[in-house]
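Asker: The following comprises the amino acid sequence and a computationally predicted model.
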Amino acid sequence: MFFDPMYFVFALPPLILGLWAQFKVKSAFKKYSQVPTQTGINGADAARRILQRGGLANVTVEATHGMLSDHYDPRHKALRLSEEVYSLASIASVGVAAHEAGHALQDKSGYMPLQLRSVMVPAVTIGSNIGPYLFMAGMFLAGTIGTTLAWAGIILFGTAALFALVTLPVEFDASRRAKELLVSQGIVSVAEMEGVNAVLNAAALTYVAAAAQAIMQLVYFLTVMNNRRD
């Protein structure tokens, strides 16, 4: 599959978009991590303020290793922030922290796309790892067995593509909540929102790129199967 020239027709555009998105998010974060908040609030304090006012005092805010490794863990009710986001009082840090706090608020309100994404995680782990290999195995085998394996791979990988699509509203909604709460709770001023928007919009682009990559790979699989029937 990887030596098929047609594969690159499908894979190259989302790959370029993904690289551009990674550049944008790193560039925006680097720039606005050097811009201090006027209030002097760091990422951890911003997250705690949003959580407390949202009735989520039970959600812990913890520091974790790795650049931009920030995430909300719904199983343990923990909001984990990378060390830079956790400790720095910067526009970038409070923006990222507020975004993750937005996921905790989604969890509390029973936001359906977040619940669906959480349910899908086990299937996606299997589908994204095993699906392409089953598809390739099916391509090498002739007859009904090969066709069955290939379709099984497509179906499994399809869960990964669906997961990427479901992730989009989850991430967009978390950023929307973050932007509203940062201003309404006095963590940043309206003027400072230019930096927050730059960071969160760049981060959103990475999820768009991931969805595009998964969808285009799925379309490639389906195209190959259609050509095989022909």
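Answerer: Ah, there it is.
Asker: what packs against the worst-scoring helix or strand of the chain on mean pLDDT?
Answerer: Taking mean pLDDT, DSSP states H and E as the measure, the chain has helix 112-140 as its least confident helix or strand, at a mean of 90. Applying 3 or more Cβ pairs under 8 Å, 6 or more residues apart in numbering; DSSP states H and E, we find helix 112-140 packed against helix 91-109, helix 143-184, helix 193-229. In short, each C-beta sits where N, CA and C put it, glycine included.
Asker: most tightly surrounded among those?
Answerer: Across the helices and strands packed on helix 112-140, the average number of neighbours (mean count of other Cβ atoms under 10 Å) peaks for helix 91-109, which reaches a mean of 25.
Asker: Off-centre distance for that one?
Answerer: When C-alpha coordinates are averaged (Cα atoms, centre = their mean, to the nearest Å), helix 91-109 and its chain have centres 13 Å apart.
Asker: pLDDT (mean, whole number) over it?
Answerer: Regarding helix 91-109, the rounded mean pLDDT is 97.
Asker: counting contacts, what elements does it pack onto?
Answerer: Helices and strands touching helix 91-109, as assessed by 3+ Cβ pairs under 8 Å, 6+ apart, comprise helix 5-32, helix 43-53, strand 71-73, strand 78-82, helix 83-87, helix 112-140, helix 143-184, helix 193-229.
Asker: looking at those, which has the lowest confidence?
Answerer: Comparing mean pLDDT over those, the weakest stretch is helix 112-140, at a mean of 90.
Asker: For that helix, buried residues please.
Answerer: 113-114, 117, 120, 124, 127-128, 131-132, 134-136, 138-139 (16 or more other Cβ atoms under 10 Å).
Asker: Which of those sits closest to residue 79?
Answerer: Relative to residue 79, the closest of these is residue 114; by Cβ to Cβ it sits at 13.9 Å.
Asker: Contacts only, for that closest one.
Answerer: When contacts are counted by Cβ atoms under 8 Å, 6 or more residues apart in numbering, residue 114 touches 74, 103, 106-107, 170.
Asker: same thing but 7 Å
Answerer: Shown here is residue 114, whose contacts under the criterion Cβ atoms under 7 Å, 6 or more residues apart in numbering are 103, 106-107, 170.
Asker: between those, which is closest to residue 199?
Answerer: Minimum distance to residue 199 across these is 16.0 Å, recorded for residue 103 (Cβ to Cβ).
Asker: burial count for the spatially closest residue to that closest one that is not a sequence neighbour?
Answerer: Spatial nearest neighbour of residue 103, chain neighbours left out: residue 72 (3.8 Å); criterion: Cβ to Cβ, 6 or more residues apart in numbering. By the other Cβ atoms under 10 Å criterion, the neighbourhood of residue 72 contains 23 residues.
Asker: now residue 72, which residues is it bridged with?
Answerer: Residues in a beta bridge with residue 72, per DSSP bridges, are residue 79.
Asker: how about the helices and strands packed on helix 91-109, which one is nearest residue 98?
Answerer: Nearest to residue 98, of these and by Cβ to Cβ, is helix 143-184 at 3.6 Å.
Asker: Show me what that closest one is packed up against.
Answerer: Packing partners of helix 143-184 (3 or more Cβ pairs under 7 Å, 6 or more residues apart in numbering; DSSP states H and E): helix 91-109, helix 112-140, helix 193-229.
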